[in-house]
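Q: what's the 3D shape of this:
(one chain, ligands or ions: 1)
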Amino acid sequence: MQGRQRPGNEPWRIGVLFARNGCTSEVERTQLFGTLLAVEEINAAGGVNGREIVPIVYEPGSASMSYVYLARKLMVEDGVTSIFGCYTSASRKAIMPVVERFNGLLWYPTPYEGFEASPNVIYTGAAPNQTIVKLCSYLMRVYGPRFFLIGSDYVYPRQTNRFLREYLVSQGGSVAAEHYVDIHAPRRDFEPIVRAIRNSGADVIFSTVVGQGTSHLYQAYADAGLDPKRIPIASLTTTEAEINAMGCDVGEAHITAACYFESIQGSTNASFVSRFKKRYGEQAAPNVCAETAYFQIYLFAQALEKAGTLDTDVLRPYVLGSSIDAPQGRVSISETGHADLWTRIGRANRAGGFDLVVESQGPVLADPFFLCGPVE
Ligand code: ACM
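A: As a prediction, this is how the structure comes out:
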């Protein structure tokens, strides 16, 4: 009876799992904000088929086992089928057996390492082919071919670096060194790494450090007097939220590849940014995670309107192949449940925003298994 438990005008209940506490809360809060803004807008416009969306929001506190416990609670006790949540790939991988066991749909709005597909996950964040290919060629062209890799120690950084290393070497680049730190590492753990960077002769630092460690890394880099204009840290996860947390002066001139930046031109994004700030305050800057969390709720609502039920087996076919005009531009969901997204590269400026230095002509096909090879 999954998803069919609500006759008449009962609301559509969905699960929401983004942390407001713990080491990735800075960025997960932006995902929560994007999610709730979209739900509020849809409800204000009359809901879906006249029925409100009601989010059941739990606090997983950035701890993978809490996501598992809460996903199970959502699906078993609350009767929810669609869950919007998770930032780290560790939390996604942890809850997948629960979502698959109870035939739910996890809507996952975070750039990730690729090489995965599940009939129970909709991946709306970028796969590596949508960011790394363009980022590598830009970095090699502008800064040089020798990369120093530093990441938090879990699946996303290790798998992303495996992909990056292979691609970089195939393009004539090289890896100077590869280091990992615990995701909870304190500031002092980054100091020996910054010394190693200084001695490495690297042209570029590629960081897959996430959460609080991001500020520690960039601050240690600045304190050591390393110059991002000459040797930047490049990342897929250092968004406006992380730059604001570390200090705009510290973040200036570092590089990020993402499908969305607050600074994107165009009326759809201008309107999104203005509604986001009106809801969460002038200081609140939407980033790629907020935008992805936001547009995936609209994709869900669009599919739900047609399906008329939250039953995963009925809803999912309406999601696959669907498209929407998101703040980043037109996006579509492919048959593997991944989103075709725009590729952009931004350089952080003194105001904490990003100046765009590279932009794709349109959405780039999601190729999570890199079957098509590099497409620039
Ligand atoms: C991530 O863990 N996918 C950022």
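Q: ok, the spatially closest residue to Ile264 that is not a sequence neighbour - how many residues close by?
A: Sequence neighbours aside, Gln328 is the residue nearest to Ile264 in space, at 6.4 Å (criterion: C-beta to C-beta, 6 or more residues apart in numbering). Backbone N, C-alpha and C define where each C-beta goes, glycine included. Using other C-beta atoms under 10 Å, Gln328 is surrounded by 24 other residues.
Q: And for Asn9?
A: Neighbours of Asn9 under the rule other C-beta under 10 Å: 10.
Q: Equivalent analysis for the one 10 residues further on, please.
A: The local packing count at Ala19 equals 28, with neighbours defined by other C-beta under 10 Å.
Q: where's it, which helix or strand?
A: Assigned by DSSP states H and E, Ala19 belongs to neither a helix nor a strand.
Q: can I assume it is in contact with Glu59?
A: Yes: in this structure Ala19 lies within contact range of Glu59 using C-beta atoms under 8 Å: 6.7 Å.
Q: Stretch 48-63 and the ligand, any residue contact?
A: No: if you take C-beta under 6 Å from any ligand atom as the test, stretch 48-63 misses the ligand, and the best it gets is 11.5 Å.
Q: now the end-to-end length of that stretch.
A: Length of stretch 48-63, first residue to last, C-alpha to C-alpha, to the nearest Å: 33 Å.
Q: so how far is that stretch off the chain centroid?
A: 19 Å (C-alpha atoms, centre = their mean, to the nearest Å).
Q: so where does the closest residue to the ligand within the stretch 101-250 of the chain fall, helix or strand?
A: Relative to the ligand, the nearest point of the stretch 101-250 of the chain is Tyr156 (3.3 Å; C-beta to the nearest ligand atom). Secondary structure from DSSP H and E places Tyr156 in helix 155-170.
Q: Show me which positions of whichever helix or strand comes after that helix end up buried.
A: Downstream of helix 155-170, the next assigned helix or strand under DSSP H and E is strand 174-181. Within strand 174-181, the residues scored as buried using 16 or more other C-beta atoms under 10 Å are 175-178, 180-181.
Q: now swap in stretch 97-105 and tell me
A: Residues of stretch 97-105 classed as buried by neighbour count (16+ other C-beta under 10 Å): 98-99, 102-105.
Q: swap in stretch 280-289?
A: In stretch 280-289, counting by 16+ other C-beta under 10 Å, buried: 280, 284-289.
Q: Can you list which of those residues are found in strands?
A: Of the buried residues of stretch 280-289, none are assigned to strands by DSSP state E.
Q: Show me which of those has the smallest pLDDT value.
A: Lowest pLDDT within the buried residues of stretch 280-289 is found at Ala285 (90).
Q: Share the number of residues neighbouring Val314, please.
A: 16.
Q: That one sits in which helix or strand?
A: For Val314, the element it lies in under DSSP H and E is helix 312-319.
Q: Which secondary structure elements does that helix sit against?
A: For helix 312-319, the elements it packs on are strand 105-108, helix 288-307, judged by 3 or more C-beta pairs under 8 Å, 6 or more residues apart in numbering; DSSP states H and E.
Q: Quick one: mean pLDDT over that helix.
A: For helix 312-319, mean pLDDT rounds to 98.
Q: wouldn't Thr239 be in contact with Thr292 here?
A: No: counting by C-beta under 8 Å, no contact exists between Thr239 and Thr292, whose distance comes to 10.6 Å.
Q: Now name the helix or strand holding Arg92.
A: In the assignment (DSSP H and E), Arg92 maps to helix 89-101.
Q: Can I get that helix as PDB, trimmed to CA atoms?
A: Backbone C-alpha positions of helix 89-101 (Å, rounded to 0.1, in the frame of the first residue of the first chain) are rendered in PDB as follows:
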ATOM      1  CA  SER A  89      28.100  10.100  -0.200                       C
ATOM      2  CA  ALA A  90      28.700   8.200   3.000                       C
ATOM      3  CA  SER A  91      25.200   9.100   4.300                       C
ATOM      4  CA  ARG A  92      23.700   8.300   0.800                       C
ATOM      5  CA  LYS A  93      25.400   5.000   0.700                       C
ATOM      6  CA  ALA A  94      24.400   4.300   4.300                       C
ATOM      7  CA  ILE A  95      20.600   4.800   3.700                       C
ATOM      8  CA  MET A  96      20.400   3.200   0.200                       C
ATOM      9  CA  PRO A  97      19.700  -0.300   1.600                       C
ATOM     10  CA  VAL A  98      16.800   1.100   3.600                       C
ATOM     11  CA  VAL A  99      15.400   3.100   0.700                       C
ATOM     12  CA  GLU A 100      15.800   0.000  -1.600                       C
ATOM     13  CA  ARG A 101      14.400  -2.400   0.900                       C
END
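Q: now it against helix 155-170, angle please.
A: 110 degrees (axes from the mean of the first three to the mean of the last three C-alpha atoms, to 10 degrees).
Q: and helix 89-101, what other elements does it pack with?
A: For helix 89-101, the elements it packs on are helix 64-72, strand 82-85, strand 105-108, strand 121-123, helix 155-170, judged by 3+ C-beta pairs under 8 Å, 6+ apart.
Q: quick one, which of those is packed in tightest?
A: Comparing these by mean neighbour count (mean count of other C-beta atoms under 10 Å), strand 82-85 ranks first with a mean of 28.
Q: Figure out how far it is from the centre of its chain.
A: Going by C-alpha atoms, centre = their mean, where strand 82-85 is centred and where its chain is centred differ by 14 Å.
Q: And stretch 12-20, by the same measure?
A: Put simply, stretch 12-20 sits 16 Å off its chain's centre (C-alpha atoms, centre = their mean).
Q: mind listing what's buried in that stretch?
A: Across stretch 12-20, burial judged by 16+ other C-beta under 10 Å covers 12-19.
Q: Pick the one among those closest to Ile231.
A: Using C-beta to C-beta, the shortest approach to Ile231 within the buried residues of stretch 12-20 belongs to Ala19, at 32.3 Å.
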